[in-house]
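A.B. asks: I would like the atomic coordinates for the input below:
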Amino acid sequence: MRCRLVALAVIMLALVGAPPVAAQTSGALTGEVLNGTANPSLGIGAVAIDCEPAGTSSATYSVVGSALGPFPGTVEETGSFTIVNGQVTAFQAAFTIQSGLTQIEGTKTLRTSTSAVCSNAPEPGIASFTDIALIASYEATITTPLGTFTDEGRAASGAQMLTTPDGRASAATQESFISEGLVLAATAGHVTGGGYIGDVVNEWVSFGFTAKGDGTAVKAQCSVSDRSTGVQVKCLDATMLARTATHATFMGQARVDGALTGYRIDVDDLGERGAGLDTFKIQTDNGFVAAGILAGGNLQIHD
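C.D. replies: Predicted structure coming up:
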């Protein structure tokens, strides 16, 4: 006999897999951790479990909570599972992260089927759903005062949901992300530039850089100064340079206020006068981001 119940869920999401690769854009969710809770009796979230151990079962949830990592703030997420004969055959979810002036909207879908258990316990009124190793793909749009970026990647997720006869329940969620943007192909080229950008978050950010590569080896250096927060970035090297006629990307290791981290710089050379046309973007693995159209200076991309 089927048991339809509305209850709280414990959604436990853990990250597994290889180290992250370079994202295609300057915005990435690598290192983002989401923690959520649900308590329907207090009007916070909900879970529905429809168990048919010998056939097709379903489980849905909604949670709210906190986000940590490169985009700290709050999160809301809803999702659903379909389970057939002990295997998750479908999964989809939508999440929204609010991090100050930044809003992130994303979706997740099933990448790899995993085993799961949905059962009605011997005691009347108890139903449970458990899945500990579901692999999901995600896509996200990251809207910041510095611009809009897209990111995609994967996460491993698990879920444990439970309801009791008297309606009492508890819930917690946790999830992490790995970006899997396209890897840029290295090219030969020479990129130089200097100037400053202004934006509503960082006010004036000044910079200077040079990067030169032969398609294999790259030499680069940079200096970036955020005059609002006092953050100082010094590029130590570069592991890749890719360029077209008007766009260039290079990345490597840098020190941000003395701490070693990875960086990525994207520039657009859109006019000889530079100011009002060229663009500069920098993002570091420890969370520093600055981007905008040059208010002064010039960028040049050479063969």
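A.B. asks: Number of residues surrounding Asn85?
C.D. replies: Neighbouring residues of Asn85 were enumerated by other C-beta atoms under 10 Å; the total is 12. Quick note: C-beta positions are derived from backbone N, CA and C, even for glycine.
A.B. asks: Got the phi and psi for it?
C.D. replies: Dihedral angles of Asn85 (phi, psi; degrees, to the nearest 10) stand at phi 50, psi 50.
A.B. asks: partners of Phe81 in the sheet?
C.D. replies: In this entry, Phe81 is beta-bridged to Ala59, Phe91, by DSSP bridges.
A.B. asks: Give me the residues contacting stretch 229-242.
C.D. replies: Contacting residues not belonging to stretch 229-242 are listed as 22, 184-187, 189, 191, 202, 209, 211-213, 218-226, 248-257, 260, 263, 265, 282, 284, 288 [C-beta atoms under 8 Å, 6 or more residues apart in numbering].
A.B. asks: ditto for stretch 193-208
C.D. replies: By C-beta under 8 Å, 6+ apart, the surrounding residues in contact with stretch 193-208 are 101, 144-146, 209-210, 222-229, 267, 274-275, 278, 280, 282, 290-300.
A.B. asks: at 6 Å instead, please
C.D. replies: Stretch 193-208 is touched from outside by 145-146, 209, 223-228, 280, 290, 292, 294-297, 299, with contacts defined as C-beta atoms under 6 Å, 6 or more residues apart in numbering.
A.B. asks: Next one: Thr60, what pLDDT does it get?
C.D. replies: Thr60 is assigned a predicted lDDT (pLDDT) of 86.
A.B. asks: so what's it closest to, chain neighbours aside?
C.D. replies: Closest residue to Thr60 in three dimensions, ignoring its sequence neighbours and counting by C-beta to C-beta, 6 or more residues apart in numbering: Ser80, at 4.3 Å.
A.B. asks: and that neighbour, what pLDDT?
C.D. replies: 89.
A.B. asks: which SS class is the residue nearest to Leu277 when sequence neighbours are not counted?
C.D. replies: Of all residues beyond its chain neighbours, the one nearest Leu277 is Gly271 (3.6 Å), with distances taken as C-beta to C-beta, 6+ apart. Three states are possible here, and by DSSP: H, G, I helix; E, B strand; the rest coil the one that applies to Gly271 is coil.
A.B. asks: Relative to Gln300, how far out is Gly271?
C.D. replies: Taken as C-beta to C-beta, to the nearest Å, the spacing of Gly271 relative to Gln300 amounts to 11 Å.
A.B. asks: host element of Asp237?
C.D. replies: Counting by DSSP states H and E, there is no helix or strand that carries Asp237.
A.B. asks: Do a quick rundown of the strands in the stretch 1-150 of the chain.
C.D. replies: Counting by DSSP state E, counting those that start in this stretch, the stretch 1-150 of the chain has strands at residues 3-7, 9-12, 33-37, 46-51, 56-68, 73-84, 87-99, 102-112, 117-120, 127-144, 147-163.
A.B. asks: ranking the ones you listed by burial, who's on top?
C.D. replies: Here the criterion is mean neighbour count by mean count of other C-beta atoms under 10 Å, and of these the winner is strand 9-12, at a mean of 24.
A.B. asks: how does the chain divide into domains?
C.D. replies: According to the domain assignment given by automatic domain parsing, the chain is divided into the following structural domains: 3-179, 188-302.
A.B. asks: rank the ones you listed by mean pLDDT and give me the bottom one.
C.D. replies: If those are sorted by mean pLDDT, domain 3-179 sits at the bottom with a mean of 75.
A.B. asks: Which SSE is immediately downstream of the helix or strand containing Gly198?
C.D. replies: Under the criterion DSSP H and E, the helix or strand holding Gly198 is strand 188-199. On the C-terminal side of strand 188-199, the nearest following helix or strand under DSSP H and E is strand 203-214.
A.B. asks: Tell me the neighbouring strands of that next one, and mark each as parallel or antiparallel.
C.D. replies: Counting by DSSP bridges, the strands paired with strand 203-214 are strand 188-199 (antiparallel), strand 218-226 (antiparallel).
A.B. asks: how about that strand: buried residues?
C.D. replies: Residues of strand 203-214 classed as buried under the neighbour-count rule (16 or more other C-beta atoms under 10 Å) are 205-207, 209-213.
A.B. asks: will you turn the residues you listed into TSV that also has distance to Tyr61?
C.D. replies: Listed next are the buried residues of strand 203-214 as TSV, based on distance: C-beta to C-beta, whole Å:
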residue	distance to Tyr61
Val205	41
Ser206	47
Phe207	45
Phe209	46
Thr210	51
Ala211	47
Lys212	52
Gly213	48
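A.B. asks: Tell me the one among the residues you listed nearest to Glu32.
C.D. replies: Val205 (23.6 Å; C-beta to C-beta).
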